[in-house]
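fold the following for me, if possible:
(chains A and B)
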Amino acid sequence: MPQVPDRTDRPPELYLAFRADPASIRRSLAGMLVCPPLSALREDARGSAEVVLAEALNNVAEHAYGEAGGQVEVTLRQETAGIRCLIVDAGRAMPGGTLPEGRLPPDRGPALQDLPEGGFGWHLIRSLCTDLSYSRIADRNHLTFLLPS
Amino acid sequence: MQLQTQTRPKVIAVSVIDDRIDAATAIQFKERMRDATRDGPMRVVLDLARVQFLDSSGLGAIVAVKKLLGPDRVLELAGLTPTVEKVFRLTRMDSIFTIHPNVDAAVAYAASA
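Here you go, the predicted model:
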């Protein structure tokens, strides 16, 4: 494997901290997408990045914090293979300490009322990013993944 | 969340004016859709041509609207932009809706049905 040459210029990195609620998440996402490194992605990859980030941040708001609310931090850094993302929150740990498998909701039957209205989030995340990992460090959730560029 | 409705013979077309349906607006979208489609024609076309972004909450809300309409009415989709199309495809929800390239094609289809 050839070595990646050292670069003296720092790769573009973006750090944002904001309240994990739907309105703040929407506003912060809009800000992230127009700044490096996400702004350099092609339109298709940028759309996928927005879906992954939105789903991961909505999970923090809905499940890690719930009603109580709290702060979430996002760091985005350009790497050779894509954009490395780190999302940190101080909410509840993932149940069982592991990420959901992200299977699509099971087919419960042909009736209209059997159609699923949720349970798509982790499937979308797992479909659109790589290197997904989760750890609980010092009472904080750390979710990292790579957005292919 | 702003919707624009147009009633044509046999079909009501509802266009979403906002550029996204996400966790911040999914509940409002569902309520506005319920109001917009109350007592209308049997066939409803949801025009998503202006919607650039849909997350799983928005997707869930569209499925919920299909349920609200009940088994005797039809919800069809039109004008999916690339990211919206991707969310439908990856979740396989593209298989439960008839999807038209644009609202005019959807209305013509309804008129001929």
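
could you use CA atoms for every contact and neighbour count after this?
Noted.

ok, B:Met42 - how many residues close by?
Using other C-alpha atoms under 10 Å in any protein chain shown, B:Met42 is surrounded by 15 other residues.

for chain A, see how far away it is.
16 Å (C-alpha to the nearest C-alpha, to the nearest Å).

hmm, that residue is touching B:Asp72, no?
Yes - here B:Met42 reaches B:Asp72: they are 7.2 Å apart, a contact under C-alpha atoms under 8 Å.

residues contacting the residue nearest to the spatial centre of chain B?
The geometric centre of chain B, computed from its C-alpha atoms, lies nearest to B:Leu46 (C-alpha atoms, centre = their mean), at 2.8 Å. Contacts for B:Leu46 (C-alpha atoms under 8 Å, 6 or more residues apart in numbering or on different chains) come out as B:13-16, B:75-78, B:103.

do that again at 6 Å, thanks
B:14, B:77 (C-alpha atoms under 6 Å, 6 or more residues apart in numbering or on different chains).

before we go further, it is sitting in a strand, right?
Yes - if the criterion is DSSP: H, G, I helix; E, B strand; the rest coil, then B:Leu46 is within a strand.

partner residues bridging it?
For B:Leu46, the beta-bridge partners are B:Val14, B:Leu77 (DSSP bridges).

could you check how far it is from chain A?
Going from B:Leu46 to chain A by C-alpha to the nearest C-alpha gives 17 Å.

put the alpha carbons of the lowest-mean-pLDDT helix or strand in chain B into CSV.
Among the helical and strand segments of chain B, the one scoring lowest on mean pLDDT, DSSP states H and E is helix B:103-112, with a mean of 90. Coordinates of the C-alpha atoms in helix B:103-112 are reproduced here as CSV (Å, rounded to 0.1, in the frame of the first residue of the first chain):
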residue,chain,number,x,y,z
VAL,B,103,-48.4,15.8,-11.7
ASP,B,104,-49.7,16.2,-15.3
ALA,B,105,-48.9,12.6,-16.1
ALA,B,106,-50.7,11.5,-12.8
VAL,B,107,-53.8,13.6,-13.6
ALA,B,108,-53.9,12.2,-17.2
TYR,B,109,-53.6,8.7,-15.8
ALA,B,110,-56.4,9.3,-13.4
ALA,B,111,-58.7,10.7,-16.1
SER,B,112,-58.2,7.6,-18.3
